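In: Show me the folded form of this:
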Amino acid sequence: MKNINTETVYHYTSPEGVYQILKSKSLRFTDCQYLNDSGEISYIERLFKEEYCRILRNRSEEISIPKFVNQIFQSRFGEDRLFFGENKNGDNEFSIKKYRYYVLCASSDFDSSSMWSYYIKNNSYYGYNLGIEIATLKKCFENSSQNLDIELLSDKVVYDELEQRKIIFNKLNELFQNLDKSTELLDENKEDRRLINDFVEGIEEFINIKKLFFKNPAFSSEKEYRFVLKIPEKFDGNNCFNLDYRVGKSGIITPFITWFFGLNEKELMFKQITFAPMIEIVLARESFRRFLATSVYENIKFVNSSMNVRF
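Out: Below you'll find the model as predicted:
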């Protein structure tokens, strides 16, 4: 998956959140089903189906959305990977392996009024953000995930609908062209039916990834960047990745993955702490300075928000 050349992105969180991250050396990834905007996971469905029909028109084929595409969107919060092949009886069928996606949100903007607005309390801003060095986070993940069926995806969120449609169309065009090349082989050789599976898998993987990185243009001011863990649904956790639950803002029990990244002095992914406009900013900075002096975190820059506060 394409990654942009952004060295540092910023994870906005509450005072309790930033304290727990630094103290426990861990980050929380929330199940994508429980993201703040309940409609964002389904946002891609309309665009994808319209571009799929456009491809079919260009190919002079019957305009119809195949059943497997609808099945993918019906299981829109996870990934039911479809594998086409022979079962133990020698019959061709689709088998399924289930995955879930867990999301950590950040922004390329370290001083975003849109992001600070989530942390207003008593007519003041009580939030922080942590500047995360992307390359170091990925290195820490590689160390933590060895021999595990866990994948880390990361990229900027795309908000422009024309760009989203172009990405969808180009991917579909690529998959159809690959399928066309195998048509004669499919008629002659049963073993090459695996190429149908490649087509189905290609569409499913594309949808399940892009649905997490496409958002409505109305949210473009957030300039979001996301880290996503793809984890088997039956994963129970280990020393580095712990599955747990908490009560969310709406009172719903929310599953999340805590990743204990095990920093050492050569792998300090946090480069900056930004303080939102808040009361007692001088005292807050001094408290963080003393707290960080007792930990492995060194050379973290403190930055005050320059945003003008109006209530």
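
In: Helices along this structure, start to end?
Out: 15-24, 43-58, 67-74, 113-116, 134-144, 161-181, 183-188, 194-210, 281-293 (DSSP state H).

In: For the shortest one, which outside residues touch it?
Out: When contacts are defined by CB atoms under 8 Å, 6 or more residues apart in numbering, helix 113-116 is touched by residues 10, 12, 107, 109, 125, 127, 129, 221-222, 276-277, 305, 307. (Glycine included, C-beta is placed from N, CA and C.)

In: switch to 6 Å and redo it
Out: 12, 107, 125, 127, 221, 222, 276, 307 (CB atoms under 6 Å, 6 or more residues apart in numbering).

In: which residues does residue 130 bridge with?
Out: For residue 130, the beta-bridge partners under DSSP bridges are residue 11, residue 273.

In: That one is in contact with residue 11, isn't it?
Out: Yes - between residue 130 and residue 11 there is a contact under CB atoms under 6 Å: 4.9 Å.

In: if we can go back for a sec, mean pLDDT lowest where, among the helices of the chain?
Out: Lowest mean pLDDT of those: helix 183-188, a mean of 59.

In: Would you mind giving me the confidence score for the residue nearest the centre of the chain?
Out: For the chain, residue 228 is the residue whose C-alpha lies nearest the centre (CA atoms, centre = their mean; 3.3 Å). With respect to pLDDT, residue 228 scores 98.

In: so what's it up against?
Out: Residue 228 touches 101, 103, 153, 212, counting by CB under 6 Å, 6+ apart.

In: Name the nearest residue to it, ignoring sequence neighbours.
Out: Distance criterion CB to CB, 6 or more residues apart in numbering; nearest residue to residue 228, sequence neighbours excluded, is residue 153 at 4.3 Å.

In: what pLDDT does the one you found get?
Out: At residue 153, pLDDT is 97.

In: measure it to residue 275 for me?
Out: 30 Å (CB to CB, to the nearest Å).

In: again with residue 241
Out: From residue 241 to residue 275 the distance is 30 Å (CB to CB).

In: Could you check which of the two has the larger neighbour count?
Out: Neighbour count, other CB atoms under 10 Å: between residue 241 and residue 275, residue 241 has more, with 22 against 19.

In: partners of the residue nearest to the centre of the chain in the sheet?
Out: With DSSP bridges as the rule, residue 228 is bridged to residue 103, residue 153.

In: what about it, distance to residue 67?
Out: Distance from residue 228 to residue 67, by CB to CB: 27 Å.

In: same question, residue 198
Out: Residue 198 is 18 Å from residue 67, by CB to CB.

In: if you count what's nearby, which of these two comes out ahead?
Out: residue 198 (15 against 8).

In: Skipping adjacent residues, who's closest to the more buried one in space?
Out: Leaving out its chain neighbours, residue 198 is closest to residue 178 (CB to CB, 6+ apart), at 7.2 Å.

In: What of residue 32?
Out: Using CB to CB, 6+ apart and skipping residues adjacent in sequence, the residue nearest residue 32 is residue 101, 4.5 Å away.

In: Contacts only, for the one you found.
Out: Contacts of residue 101 were listed using CB under 6 Å, 6+ apart, and they are 32, 228, 230.

In: same thing but 7 Å
Out: By CB atoms under 7 Å, 6 or more residues apart in numbering, the contact list for residue 101 reads 32, 212, 228, 230.

In: Redo those as a markdown table? Include distance to residue 71.
Out: Output for the contacts of residue 101, formatted as a markdown table (distance: CB to CB, whole Å):
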| residue | distance to residue 71 |
| --- | --- |
| 32 | 18 |
| 212 | 19 |
| 228 | 22 |
| 230 | 19 |
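
In: Could you report the separation of residue 128 from residue 109?
Out: Counting by CB to CB - residue 128 and residue 109 are separated by 14 Å.
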